[in-house]
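A.B. asks: Below is the sequence, then the predicted model.
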Amino acid sequence: MRDQIVESVSATFLQVVEQLTYMFGEPADKGDILDVDGDYILAQMGFTGDVNGTLSIAVPSDCVAEIAANILGLEPEEMEASSMAPDSLGEMLNVICGHVIMAIAGKGADFGLGSPVIGPATPAFLAQAVEDSDWLGFLLEENLVLLGLVTE
């Protein structure tokens, strides 16, 4: 059963990100994140209803502005990354979360989403996520991204 959920979550994540940000992705070895230079941003949101839990995404800091620009239909240099980028990452997580819940609980799932919480992802947190089976690795364009789904 777990393999079916992982497969469904992976396919849903990649499809939503491609449609929302025009960034193409594929599954990747999450352990490679330990070799990546640079800071990561962590976005997390809780959800309740037919399924309860938390969905999280860790994205390289320098990729967040590109995600925001793609969502907003702008060039990265046309926007104020410091103000729009975190909100856009939160919105991306919001959309992904809704689709992931429907993928695992069905199209008619009843659920409520909390507000996204955005902050830095420490190296210790990333190392823990690599060891945790609730986290998956993806390569979006050339950026290694982690997605974590914890259900109660």
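C.D. replies: Received the coordinates, thanks. Numbers count the residues shown, from 1 in each chain.
A.B. asks: What residues of stretch 64-74 count as buried?
C.D. replies: 64-71 (16 or more other Cβ atoms under 10 Å). For every residue, glycine as well, the C-beta is placed using N, CA and C.
A.B. asks: low-scoring pLDDT stretches of this protein, where are they?
C.D. replies: Within the chain, the ranges that satisfy pLDDT under 70 run 1, 76-83.
A.B. asks: Which residue ranges of it form strands?
C.D. replies: 25-28, 40-49, 53-60, 111-113, 117-121, 135-140, 143-151 (DSSP state E).
A.B. asks: Now render those as a markdown table, adding distance to residue 127.
C.D. replies: Listed next are the strands of the chain as a markdown table, based on distance: least, Cβ to Cβ, whole Å:
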| stretch | distance to residue 127 |
| --- | --- |
| strand 25-28 | 16 |
| strand 40-49 | 11 |
| strand 53-60 | 11 |
| strand 111-113 | 28 |
| strand 117-121 | 10 |
| strand 135-140 | 11 |
| strand 143-151 | 11 |
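A.B. asks: Show me where the chain has its helices.
C.D. replies: Secondary structure of the chain (DSSP state H): helices at 2-21, 61-72, 81-105, 123-131.
A.B. asks: returning to that earlier point: and the strands of the chain: which comes nearest residue 8?
C.D. replies: strand 143-151 (10.4 Å; Cβ to Cβ).
A.B. asks: At the geometric centre of this protein, which residue do we find?
C.D. replies: The residue lying closest to the centre of the chain (Cα atoms, centre = their mean) is residue 57, at 3.3 Å.
A.B. asks: Having no further points to raise, I will conclude here.
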